[in-house]
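[1] attaching a predicted model along with its sequence, questions to come.
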Amino acid sequence: MAAFVNSASTFNGPLETGVRAVLVLHAHFPQALDLNRLTAMDYLVVRTSVLDGPGDLHPPTPIPSPVTQVRRKSVQSAMALMMSRGLIEQVIDESGISFKAGDNAEFFVTALQTPYLQQLYERAQWLAGYFQNYSDEAFDDLMRNLLTNWVSEFQDEASGPA
């Protein structure tokens, strides 16, 4: 009897999301990222084409929604898993809670040798470069604009051709 595989969770379980978070944080090191930015980066690292970057690593989904409560919860679970392994560290300072690559991240990232994971890390590095001069406000504005465009495109598709 074949096991049912939930394709929605295939790439979004705590382990898969955690690996993306480690790669993103390692690429941004020594910068720490807050949960909101990490949640957005979790989407953007596999959908870099929305920023006119490298081709997407994952196929398109019917309703792109990078900033949903579901994705945020997945990222939170992933952070806890990766912190328990020393791959991510929590940073608490005057600006709040953020995360950075942990002591074991360097070894972990260099040990990843599959073509998919290498491409994922290349995209994480590309994102780090793309956003290196973005303030939190500029980043939030960009994400609001992207979300507005996604909602508009979905509504246009749902209503059918004019």
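    That came in fine, so what should we check first? Treat the numbers as computed from the prediction; the structure is a model and nothing was measured.

[2] low-scoring pLDDT stretches of the chain, where are they?
    For the chain, the stretches with pLDDT under 70 are 1-11, 61-70, 149-162.

[3] find the centremost residue of it, please.
    Residue closest to the mean C-alpha point of the chain, counted by Cα atoms, centre = their mean, is D42 at 0.9 Å.

[4] and the helix or strand in which that one is found, what does it pack against?
    Assigned by DSSP states H and E, D42 belongs to helix 35-44. Helices and strands touching helix 35-44, by 3 or more Cβ pairs under 8 Å, 6 or more residues apart in numbering; DSSP states H and E, are helix 14-28, helix 69-83, strand 96-101, helix 115-130, helix 136-159. The C-beta positions use only the backbone N, C-alpha and C, and glycine is treated the same way.

[5] got the buried residues for the third one?
    In other words, strand 96-101. Neighbour counts using 16 or more other Cβ atoms under 10 Å place S98, F99, K100, A101 of strand 96-101 among the buried residues.

[6] just flag the most distant two among the residues you listed.
    The span of the buried residues of strand 96-101, defined through Cβ to Cβ, is set by S98 and A101 at 11.7 Å.

[7] how far away is the residue lying closest to K100 once chain neighbours are set aside from M41?
    Closest residue to K100 apart from its sequence neighbours, by Cβ to Cβ, 6 or more residues apart in numbering: A32 at 4.1 Å. Counting by Cβ to Cβ, to the nearest Å, the separation of A32 from M41 is 12 Å.

[8] looking at the two, which is more packed in?
    The residue with more neighbours, out of A32 and M41, is M41; 25 against 21, by other Cβ atoms under 10 Å.

[9] hmm, back to that, could you give the angle of the helix holding D42 to helix 115-130?
    Put simply, helix 35-44 runs at 130 degrees to helix 115-130, going by axes from the mean of the first three to the mean of the last three Cα atoms, to 10 degrees.

[10] buried stuff in helix 35-44?
    Applying 16+ other Cβ under 10 Å to helix 35-44 flags N36, R37, L38, T39, A40, M41, D42, Y43, L44 as buried.

[11] which one among those gets closest to A124?
    M41 (7.9 Å).

[12] OK, contacts around the closest residue to that closest one other than its chain neighbours?
    Among residues not flanking M41 along the chain, V24 sits closest, at 4.8 Å (Cβ to Cβ, 6+ apart). Neighbouring residues of V24 by Cβ atoms under 8 Å, 6 or more residues apart in numbering: L33, L38, M41, D42, V45, A124, L127, A128.
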